[in-house]
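K.L.:
coords below, sequence missing:
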């Protein structure tokens, strides 16, 4: 993992000192809330429905056990004993006191973490594939590039007051686990025809009220050109992005208004002027310095433990279900990648208690070389588990309710905080996720349904990624009542697409039944081991509409 | 009060901002709007008084690239502190058009932004504060480390990392 040097430490310490002064000026009344707002946002502090919320960056999803223990300490000392992992590899604390915020930031700095630019109209946390450096389908590890981009983006003098927030994601694998095409800028590490690795550059993806899948504006960009090209994109956006209406201020609106071709032309024109600027050159020595932090850990030379595992699976069906669902192949023989599900029945998706955090940190030290990853689907990952340790780890995870065998399955739900916490929400999201979790509690049924993602947002801002769920659920409010609109066919992976609306909204109580109707139709219609998404793409909306709304008057009662 | 800060000190402003007036006064150093410049260019050049130009956020410096040497001051306007276009304009002036005169930040200029403005090439700041010098001094030492290079010549953290031996 990357470690701060004296420059990184000084930058963060100075930032905290500045914010401490600003908080003091706010508390003394020298700053109004209006003047203070942008200052606190740049430091990750939101004002929510009931209290301040602090959003902390977990850069490209990498955490050490030491950092996780500090997150547990913060949850206990400054919050209500839990934290919430988000879809952007952040952790949020929902009950932070303003006057204690600088102390929380100082506690984070002790373990080389920060909350800089986790909100505000600036470049946000850089996100990546949670299996980076470990995945079998990886072309190149994206983490060194993420760290380089992170440093380039922090306190950027020119790009700290953009029209709107700006999210960058990077993946180096064939399968996209980072929703790259749904970001303001998405980068895929790719080989060109000569076998040289560079970046495919995608711009203008995003969700919210105006969802778009991003456009590729450069099939292949040389690594040496990364910063000049990013700077050109940001400059065109800073100057040309709309500032009259926050709903239309994201780069996706600019790209789609101009058309991707014209946007690319503007970027190329600017790029030509700065491409060879020494201000943007990154010396090889710096790339080497950063890459060295992500060198392979000291894996043991181990045989593949397939025989042991198949014996364990054969004798223990519960272990078998977990192994098949939550364990992923590692690129090194004898090792496995393990997903820890934060989607146990009855738990708010992404929530983890302080005690669980401490326990996970201990298990990471014992079973995963001290490292933990955070996924955009709000789960945790142990990247380096010996195959022969899997059974013992599974038992330990069961004891802390983190072994639910549902990764990538119907109950592995992404949900925003919704009306339970968020000032913007129109409807609750967490209880809907919990209801679905309870309704589909049988692991055998989940296994049979196979890969199916459900994403829930409590309002049009789409923090729960409903547009790109295989099944999306959007909470809306009508005449004081909550209704839920369903979409089908979304995807945030390399085959990214936006879901299509099923029909009129339904009350919360009917959501699990409607999901069941959709799933039953799928099980009737699927061919061989076709995924729900592929069945939907083949047969279209009608059978599912029929299944949910049917002809019966009682189904027609639902409105909105 | 409104004061003009340069190098952390309040300094007198010899220029009259005529950008909101019907006609620029004659015989004194004057800052004009882009529209005034375009309408009265020849007269202003003939009058020979020191000239400044005030550009709104939607008026990029390239519109007057050829005339830049005629201006002692380019005042870039921040209509709201949240509107960051003038940061790009300032860097364009310094780094692309090699403008060597005064680049002045005007409009909604907050002390929290002085560091970013300096790094982008602004050298004077029209600050509204009870005590503008005090406000400036409060933030002057906020950032000693930068991850980015701009035209101001300050080294990046990464340059310092590799040159420190």
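P.N.:
Sure, I can see it. Remember, predicted model here, so these are calculated numbers, not experimental data.

K.L.:
now residue A:381, nearest residue through space, not along the chain?
P.N.:
For residue A:381, ignoring the flanking residues on the chain, the nearest one in space by Cβ to Cβ, 6 or more residues apart in numbering or on different chains is residue A:373 at 3.8 Å. For the C-beta atoms, the positions are set from N, CA and C on the backbone; glycine is no exception.

K.L.:
what's near enough to touch the residue of chain B found nearest chain A?
P.N.:
For chain B, the residue closest to chain A is residue B:84, as judged by Cβ to the nearest Cβ, at 2.9 Å. Contact analysis of residue B:84 by Cβ atoms under 8 Å, 6 or more residues apart in numbering or on different chains lists A:121, A:158, A:159, A:160, A:161, A:162, A:238.

K.L.:
Verify the contact between the residue nearest to residue A:381 and residue A:128 for me.
P.N.:
No. Counting by Cβ atoms under 8 Å, residue A:128 is not a contact partner of residue A:373; they are 9.3 Å apart.

K.L.:
Of the two, give the one with the bigger neighbour count.
P.N.:
Each of residue A:373 and residue A:128 has its neighbours counted (other Cβ atoms under 10 Å in any protein chain shown); residue A:128 has more, 31 against 27.

K.L.:
Phi and psi next, for that one.
P.N.:
phi -150, psi 170 (degrees, to the nearest 10).

K.L.:
doesn't residue A:144 make contact with it?
P.N.:
No. Residue A:128 is not in contact with residue A:144 according to Cβ under 8 Å; the separation is 10.5 Å.

K.L.:
so what secondary structure elements neighbour the lowest-mean-pLDDT helix or strand in chain B?
P.N.:
Within chain B, no helix or strand scores below helix B:132-140, which has a mean of 86 by mean pLDDT, DSSP states H and E. Applying 3 or more Cβ pairs under 8 Å, 6 or more residues apart in numbering or on different chains; DSSP states H and E, we find helix B:132-140 packed against strand B:2-6, strand B:9-11, helix B:114-120, strand B:124-128.

K.L.:
quick one: buried residues of the next helix-or-strand element following it?
P.N.:
Next helix or strand after helix B:132-140 toward the C-terminus (DSSP states H and E): helix B:157-163. For helix B:157-163, a neighbour-count test (16 or more other Cβ atoms under 10 Å in any protein chain shown) marks B:157, B:158, B:161 as buried.

K.L.:
which other helices and strands contact helix B:157-163?
P.N.:
So helix B:157-163, by 3+ Cβ pairs under 8 Å, 6+ apart, packs with helix A:6-27, helix A:284-292.

K.L.:
Next, the contact list for residue B:155, please.
P.N.:
Shown in contact with residue B:155 (Cβ under 8 Å, 6+ apart): B:146, B:149, B:163.

K.L.:
Quick check: the gap between it and residue A:153.
P.N.:
18 Å (Cβ to Cβ, to the nearest Å).

K.L.:
Likewise for residue B:64?
P.N.:
31 Å.

K.L.:
next one: residue A:127
P.N.:
Residue A:127 is 12 Å from residue A:153, by Cβ to Cβ.

K.L.:
ok so, going back, got the angle for the least confident helix or strand of chain B vs strand B:124-128?
P.N.:
Note on geometry: by axes from the mean of the first three to the mean of the last three Cα atoms, to 10 degrees, helix B:132-140 and strand B:124-128 are set 110 degrees apart in direction.

K.L.:
Can you give me the buried ones in helix B:132-140?
P.N.:
Residues of helix B:132-140 classed as buried under the neighbour-count rule (16+ other Cβ under 10 Å) are B:132, B:135, B:136, B:138, B:139.

K.L.:
Which residues does that helix contact?
P.N.:
So helix B:132-140 is contacted by A:18, A:21, B:1-3, B:5, B:8-10, B:111-112, B:114-115, B:125, B:127, B:129 (Cβ under 8 Å, 6+ apart).

K.L.:
Sort out which one of those lies nearest residue A:134 for me.
P.N.:
Of all those, residue A:18 has the smallest distance to residue A:134: 37.5 Å, by Cβ to Cβ.

K.L.:
so who does the closest one touch?
P.N.:
B:139, B:142.

K.L.:
Could I get the pLDDT score of it?
P.N.:
Looking at residue A:18, its pLDDT is 94.

K.L.:
ok, now how distant is it from residue B:142?
P.N.:
Distance from residue A:18 to residue B:142, by Cβ to Cβ: 5 Å.

K.L.:
still on that earlier bit, export the contacts of residue B:155 to JSON lines and append columns for pLDDT.
P.N.:
Formatted as JSON lines, these follow (pLDDT from 0 to 100):
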{"residue": "B:146", "pLDDT": "96"}
{"residue": "B:149", "pLDDT": "96"}
{"residue": "B:163", "pLDDT": "84"}
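
K.L.:
can you tell me how far the residue in the stretch 101-250 of chain A that chain B sits nearest to sits from residue B:135?
P.N.:
Nearest residue of the stretch 101-250 of chain A to chain B (Cβ to the nearest Cβ) works out as residue A:161 at 2.9 Å. The spacing between residue A:161 and residue B:135, counted by Cβ to Cβ, is 19 Å.

K.L.:
Kindly report the same for residue A:454.
P.N.:
To residue B:135, residue A:454 is 52 Å away according to Cβ to Cβ.

K.L.:
got the residues of chain B near chain A?
P.N.:
Taking Cβ under 8 Å from any Cβ of the partner chain, the part of chain B that reaches chain A is made up of B:60, B:81-85, B:87-88, B:91, B:95-96, B:110, B:112-113, B:115-117, B:119-120, B:138-139, B:142-151, B:157-158, B:160-162.

K.L.:
Just the buried ones from these?
P.N.:
Buried members of the residues of chain B next to chain A, scored by 16+ other Cβ under 10 Å, are B:60, B:83-85, B:87-88, B:91, B:95, B:110, B:112-113, B:115-117, B:119-120, B:138-139, B:142-143, B:145-151, B:157-158, B:161.

K.L.:
Who has more neighbours out of residue B:64 and residue A:153?
P.N.:
More crowded of residue B:64 and residue A:153, by other Cβ under 10 Å: residue A:153, with 23 against 19.

K.L.:
show me where pLDDT drops low in the chain?
P.N.:
Answering for chain A, as no chain was given. By pLDDT under 70, the weakly predicted segments of chain A are A:551-560.

K.L.:
The intended chain is chain B.
P.N.:
Along chain B, segments meeting pLDDT under 70 span B:164-165.

K.L.:
Spatially central residue in it, please.
P.N.:
Central residue of chain B (Cα atoms, centre = their mean): residue B:104, 2.3 Å from the mean position.

K.L.:
Count the residues that sit near residue 23.
P.N.:
Using chain A here. When neighbours are defined as other Cβ under 10 Å, residue A:23 has 22 of them.

K.L.:
wait, chain B
P.N.:
Residue B:23: 11 neighbours (other Cβ under 10 Å).

K.L.:
Which residues are in contact with it?
P.N.:
Contacts for residue B:23 were tallied using Cβ under 8 Å, 6+ apart; they are residue B:40.

K.L.:
again, 10 Å this time
P.N.:
B:32, B:36, B:39, B:40, B:43 (Cβ atoms under 10 Å, 6 or more residues apart in numbering or on different chains).

K.L.:
where does it land in three-state SS?
P.N.:
Assigned with DSSP: H, G, I helix; E, B strand; the rest coil, residue B:23 falls in the coil class.

K.L.:
still on that earlier bit, and which of the contacts of helix B:132-140 is nearest to residue A:501?
P.N.:
Nearest to residue A:501 among the contacts of helix B:132-140, with distances taken as Cβ to Cβ, is residue B:112, at 43.4 Å.

K.L.:
Nearest residue to the closest one in space, ignoring adjacent ones along the chain?
P.N.:
Residue nearest to residue B:112 in three dimensions, not counting chain neighbours: residue A:39, with 6.2 Å by Cβ to Cβ, 6+ apart.

K.L.:
cool, residue A:291 as well?
P.N.:
Per Cβ to Cβ, 6+ apart, closest to residue A:291 is residue A:144, 4.3 Å.

K.L.:
Tell me what angle the host helix or strand of the one you found forms with helix A:284-292.
P.N.:
Per DSSP H and E: residue A:144 is located in helix A:143-153. If you take the same axes, to 10 degrees, helix A:143-153 sits at 120 degrees to helix A:284-292.
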